[in-house]
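Engineer: give me a 3D structure for the following:
(2 chains, ligands or ions: 2)
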Amino acid sequence: MFKLNLKIALRNLWRNRGITFINIGGLSIALAAFILVMIYAAYETGFDKSNPNYDRIYQVGRSMQDLKTNYTPPPLAQAIKDNFPEVEAVGKMKSGAFELPLFTNEGTVFTQNFLMADYSATQMFKIKPDYGLEKPKGESVSLFLPRAYMQTLFPHKKDNKPELVGLASKSAGQSGEVIGSVFVDPHSNISFDALYISNDLGKGEDYGFNNYQTYIQVKKGTDIYNLEQKINKLYQTELAKNSGNDDRFKSTTIFLDPLKNLHLKPKTGSDANYKVLISVSVLGFLILIIACINFTNLSIAQAAKRAKEVGVKKVMGAYRVQLAIQFLTEILIQCIAATVLSLIFAELVLPGFNSLFLVNLTIWQSNSSLIWQLPLILFFITLIAGIYPAMVLSGFKPAAVLKGNFQTSKQSYWLRNSLLVIQFSIAVIFITGLLIINSQLKYMRTQDVGFKADQVIYVKNIALFSDPAIFEPIREKIMKISGVKSVTVTNSIPDGSKLGTNTYAVDAKKELISFLDVDFDYFETLNIKLKEGRPFSKEFKTDAVNSAILNESATAKYGLTNPLGKTIRGCDMDYKIVGIIKDFKAQGFEKAVEPTIYTLKNPCGNPKTMIMIKIEESKMSETLASLKNQWLNINPKDGDNFRYQFLDQLYGKLFQKQEQLQSVFFAAAILTIFIAILGLFAFAKYITNGRIKEIAVRKILGASDLQIMKLINTSFFTMVILANLISWPVAYILTKKWLGTFAYRIEMPVLPFIISALITILLTIITVSLQATKAVKAKPVDALKYE
Amino acid sequence: MIKIENLEKVYKTEEVETTALNGINLHVKAGEFVSIMGPSGCGKSTLLNVMGLLDKPEGGSYKFIDTELLTLNDRERSNFRKRNMGFVFQNFNLIDELTVFENIELPLIYNKVPATERKKLVNEIIERMNIVNRSGHFPQQLSGGQQQRVAVARALVTKPKLVLADEPTGNLDSSHGNEVMELLCELNETGTTIVMVTHSSHDASFSNRIINLKDGHVISEKINKSRNEELI
Ligand SMILES: Nc1ncnc2c1ncn2[C@@H]1O[C@H](COP(=O)(O)OP(=O)(O)O)[C@@H](O)[C@H]1O
Ligand SMILES: [Mg+2]
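Structural biologist: Ligands and ions are numbered 1, 2, ... in the order given. Below is the predicted model of the structure:
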């Protein structure tokens, strides 16, 4: 029987091959999107999962009034280990972004993210250097480098002996020992490109030195909440012992953050990864649903055609279940075909997906769970797409069906139309969303950000230039190079980095504001506009000592109407306000400009190391070449390597997340509308085919082509309008929420709503009319001949 | 073989109630060939559908040999139908996606006849029906008469005790119609009971007995003497 049913199925599919193709094609595209989402989700949720103790590792964090941090004091780890037997192991780490050149005669590498870890932390995270790891002796520190770096530095190395590398610059004459290479798992929360392993970290540092990440591994079945309380209590007592009655620590409590949350939603960081994952999953799911709806609708639409078969089979004694299974099997076959196709599609778009999300996923290796997930999905979409048609088709009464003039019953009319409306509603939401995202991004790209990053390069440098007098000779040398317009040095560049904050007082008013340490020509290099007063200038000897410039937000925060000449006090210093600048959006569009004080001298700030150079556009390449050639001479303490980035590119990275979102919405909008239109195309075909006789009769009675086109279009037109009405409020609420994440945003535009309505209506009319034309063009006599 | 008593069938739609069968009494002996005649809408098809267990009446009783059929559940009805009954329709109702051979084979499959046996039975009947060179064709490639022969073959292949035919010649010209009627007669002569709905008195003349329906009643019954004499 199966064979015969299969034959019926295949012959049916072949006879309607156009629609079969549309059906399978649409589903496979949606499935491809869904598979990508699944791989992505598996990847995002799989960080450190290969660690057998994955579920039992926690990061220790501290929670202060308005801040959660994972920086913990080094003695805490040992105290935890000593006091709680349920804690199997503790480990400490310290990591940071610090660029250090390492070189040999063969090559140079720049390590960017160092990680210092004690031996037990490396054991906990299964960090295994390639030739094994001996427990470092005494106070010694062992340096390991990623394989690629080792290859660059020692291309001919065959043995596993330690080697010497030069540090920083040749002229500095320092060197260090590299023990060997280590595999850096990109799928781990612990990332680094230079690993320093020692027996212990932070020896001699007490509870005031919150500079380390502490990890604990607990025994199976440990009550984490309870342990958290106990560790907190321990921390409080230890703190009281060590730092007396310092109020600042009183309100600090300890929390434990599971390793499995650290990538997606760490308590101490942003949960953006998690949000992206959730929204992408919802998207994938919706697209799949839309494609399943196509199946359901077309199968029901086809019902009249299959009714006779059902009737005959029932007359011959077929059970309803048998028929239901038959129809489900038919849909299963199509779903299998779609799955195979979808894997091919997914493979094709994966490179684009990888570069968009900055990941490196593959369909098979990275995620073997796909092997069991795919059949499961197949099963579910078959059910979703097939269960209703199977019930309807297998439920036909033979006595009614076999009379010969059977019409698909009205019962599925509502369902079919509602499903179409749902499809279009989803499509409209995505189109509207996309258009609004586009408007906001366009606004961000065209809006004046208050400074000009074009033709400004940021030079990486390891020499410290906190005192303007030290930087002066270097500036002079750089300025001599033709094409250089201005030079400055600072401790933070406008690439979205958060500035340090400190309390400053004007008169009696104390406020927590951001500070930025700059050098002469900072405002000129970035083309930042002055509102009143003057910029820093070498002509004023006091500028290097105690002058300050505030931005507009800061003057507003202090409520200063006449700020020039006023004194602002902070970091044990009195500054005189000499100028006010206009706000500039160093942090992008999401955060409002912070009230900020700009000074040349600041004992509380980090050292100034970040050099910015403004170069004439026409001389860019030759100027860069000269800088590179003369760098060792210009800035000997930095060394042999002139490394730079374009500031506009760095600032552009702030837009990356939104551009990602834009791409996702673009894909989603295109996919949803495409799949919905595919479904509509096939659906309209069935509907008009079913009305061919009616149309013929109407034509004989004198209806014009236009009248008939209108007749066929009307119901579809109503459905799209309805879909638009349903999705507008949804789209409005969602986009409003999204726009709310920006401090600088557009007013909610009306146009996207109108445009998406026009797009969907137009596409619908075109699609339906394409089908209707055929019915209208047919000669009425031909249509009536069949009977 | 068949005892139908006081059969009632009412169709309820939103606006109207139609009494299609209004207290039908009908007995059919084994081996009999009965024709049902009457004006359009008098309930002939409804009666046939009820007899074929395709429709459930509101009241009355329907005994087949000694089994009461109206109390069976859906599954039991399916089983009874596929073992004991064959159907021929006015509009043939062949499955368009299956070839002649496959269409005829279908009821055997539902009766779980093994494949080799099936092949034998189907080939036998195809030969008998004179459609050997058509066995690989699809229904649309056949003439109406040929299609109806295939439909008859399909009804016979399971060797049913009762064949129900609803206007089997209604869509055929007279020569093709006669072919089909001759087939039914042959079949009847080999002992199969036949109940046939028809509009044509010519067709009815092939049967043993003619039942006249009007408004859901049996209004008259006529023994077809010529046929019965022939039989005797
Ligand atoms: N499914 C149905 N729903 C409502 N009324 C029906 C249905 N089928 C038949 N009827 C009505 O029942 C009566 C008998 O119909 P039918 O048995 O088909 O007549 P015929 O003798 O022409 O075969 C008619 O009046 C018809 O309108
Ligand atoms: Mg009838």
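Engineer: now the strands: where do they sit in chain B?
Structural biologist: Defined through DSSP state E, the strands belonging to chain B, from first to last, are B:2-12, B:17-28, B:33-37, B:59-64, B:67-68, B:85-88, B:162-166, B:193-197, B:209-214, B:217-223.
Engineer: need the helices for chain B, in chain order.
Structural biologist: Using DSSP state H, the helices found in chain B span residues B:44-51, B:74-84, B:100-110, B:115-128, B:144-156, B:174-189, B:201-204, B:225-231.
Engineer: turn those into a markdown table, including mean pLDDT, distance to residue B:93 and mean neighbour count.
Structural biologist: For the C-beta atoms, the positions are set from N, CA and C on the backbone; glycine is no exception. Below are these laid out as a markdown table (pLDDT from 0 to 100; distance: least, CB to CB, whole Å; neighbours: other CB atoms under 10 Å in any protein chain shown):
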| stretch | mean pLDDT | distance to residue B:93 | mean neighbour count |
| --- | --- | --- | --- |
| helix B:44-51 | 91 | 13 | 24 |
| helix B:74-84 | 86 | 15 | 17 |
| helix B:100-110 | 89 | 10 | 23 |
| helix B:115-128 | 92 | 18 | 15 |
| helix B:144-156 | 89 | 7 | 24 |
| helix B:174-189 | 89 | 14 | 17 |
| helix B:201-204 | 91 | 19 | 18 |
| helix B:225-231 | 61 | 28 | 11 |
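Engineer: closest to residue A:92 out of those helices?
Structural biologist: Smallest distance to residue A:92 across these (CB to CB): 71.6 Å, for helix B:74-84.
Engineer: residues contacting the closest one, please?
Structural biologist: Applying CB atoms under 8 Å, 6 or more residues apart in numbering or on different chains, the contact partners of helix B:74-84 are A:314-320, B:52-53, B:64, B:67, B:69, B:72, B:107, B:110-111, B:158, B:160-162.
Engineer: list the buried ones in the helix or strand containing residue A:296?
Structural biologist: For residue A:296, the enclosing helix or strand under DSSP states H and E is helix A:272-301. Neighbour counts over helix A:272-301 (16 or more other CB atoms under 10 Å in any protein chain shown) mark A:274, A:276-277, A:280-281, A:283-284, A:286-301 as buried.
Engineer: filter these down to the ones near chain B?
Structural biologist: Among the buried residues of helix A:272-301, no residue lies close to chain B (CB under 8 Å from any CB of the partner chain).
Engineer: count of residues packed around residue A:26?
Structural biologist: The local packing of residue A:26 (other CB atoms under 10 Å in any protein chain shown) involves 28 other residues.
Engineer: give the rounded mean pLDDT of whichever strand or helix holds it.
Structural biologist: Applying DSSP H and E as the criterion places residue A:26 in helix A:17-44. Regarding helix A:17-44, the rounded mean pLDDT is 88.
Engineer: count the neighbours of the closest residue to residue A:307 other than its chain neighbours for me.
Structural biologist: Distance criterion CB to CB, 6 or more residues apart in numbering or on different chains; nearest residue to residue A:307, sequence neighbours excluded, is residue A:401 at 4.5 Å. Residue A:401 has 21 neighbours, counted by other CB under 10 Å.
Engineer: over to residue A:720?
Structural biologist: Other residues near residue A:720 come to 26 when the count uses other CB under 10 Å.
Engineer: now do stretch A:321-335: distance to the chain's middle.
Structural biologist: From the chain centre to the centre of stretch A:321-335 is a distance of 40 Å (CA atoms, centre = their mean, to the nearest Å).
Engineer: of the contacts of helix B:74-84, keep whichever come out buried.
Structural biologist: Neighbour-count burial within those applies to A:314-320, B:52-53, B:64, B:69, B:72, B:107, B:110, B:158, B:160-162; the criterion is 16+ other CB under 10 Å.
Engineer: got the strands of chain B as TSV, with mean pLDDT and distance to chain A columns?
Structural biologist: Listed next are those as TSV, based on pLDDT from 0 to 100; distance: least, CB to the nearest CB, whole Å:
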stretch	mean pLDDT	distance to chain A
strand B:2-12	92	10
strand B:17-28	92	11
strand B:33-37	95	16
strand B:59-64	92	15
strand B:67-68	91	16
strand B:85-88	90	5
strand B:162-166	93	9
strand B:193-197	95	13
strand B:209-214	94	17
strand B:217-223	91	21
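Engineer: can I get the helices of chain B in a markdown table with distance to residue A:43?
Structural biologist: Output for those, formatted as a markdown table (distance: least, CB to CB, whole Å):
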| stretch | distance to residue A:43 |
| --- | --- |
| helix B:44-51 | 60 |
| helix B:74-84 | 50 |
| helix B:100-110 | 49 |
| helix B:115-128 | 50 |
| helix B:144-156 | 57 |
| helix B:174-189 | 68 |
| helix B:201-204 | 74 |
| helix B:225-231 | 82 |
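Engineer: quick one: which of those helices is nearest residue A:128?
Structural biologist: Per CB to CB, nearest to residue A:128 of the helices of chain B: helix B:115-128, 62.0 Å.
Engineer: apart from its neighbours in sequence, what residue is nearest residue 187?
Structural biologist: This is for chain A. residue A:47 is the one closest to residue A:187 (CB to CB, 6+ apart), at 6.0 Å.
Engineer: hmm, no, I was thinking of chain B.
Structural biologist: residue B:156 (6.2 Å).
Engineer: residue contacts, that neighbour?
Structural biologist: Neighbour list for residue B:156: B:86, B:125, B:163, B:187, B:192 [criterion: CB under 8 Å, 6+ apart].
Engineer: next secondary structure element downstream of the longest strand seen in chain A?
Structural biologist: In chain A, taking DSSP E as the definition, the longest strand is strand A:87-103. Counting by DSSP H and E, the next helix or strand C-terminal to strand A:87-103 is strand A:108-118.
Engineer: before we move on, the earlier item: and the next helix or strand past the helix holding residue A:26?
Structural biologist: Sequence order places strand A:57-64 as the next helix or strand after helix A:17-44, per DSSP H and E.
Engineer: got the angle for that following strand vs strand A:87-103?
Structural biologist: Angle of strand A:57-64 versus strand A:87-103, following axes from the mean of the first three to the mean of the last three CA atoms, to 10 degrees, is 80 degrees.
Engineer: so which elements touch strand A:57-64?
Structural biologist: In this structure, strand A:57-64 packs against strand A:67-69, helix A:74-83, strand A:213-218, strand A:253-258, with contacts taken as 3 or more CB pairs under 8 Å, 6 or more residues apart in numbering or on different chains; DSSP states H and E.
Engineer: any idea how many residues pack against residue 54?
Structural biologist: I'll assume chain A. Neighbours around residue A:54, by other CB under 10 Å: 14.
Engineer: wrong chain, I was asking about chain B
Structural biologist: Count around residue B:54 with other CB under 10 Å applied: 24.
Engineer: for it, grab phi and psi.
Structural biologist: With angles defined as degrees, to the nearest 10, residue B:54 sits at phi -90, psi -20.
Engineer: ok, it to residue B:43 distance?
Structural biologist: As judged by CB to CB, to the nearest Å, residue B:54 and residue B:43 stand 14 Å apart.
Engineer: list the residues that contact the residue lying closest to residue A:505 once chain neighbours are set aside.
Structural biologist: For residue A:505, ignoring the flanking residues on the chain, the nearest one in space by CB to CB, 6+ apart is residue A:569 at 4.7 Å. Shown in contact with residue A:569 (CB under 8 Å, 6+ apart): A:504, A:505, A:506, A:575.
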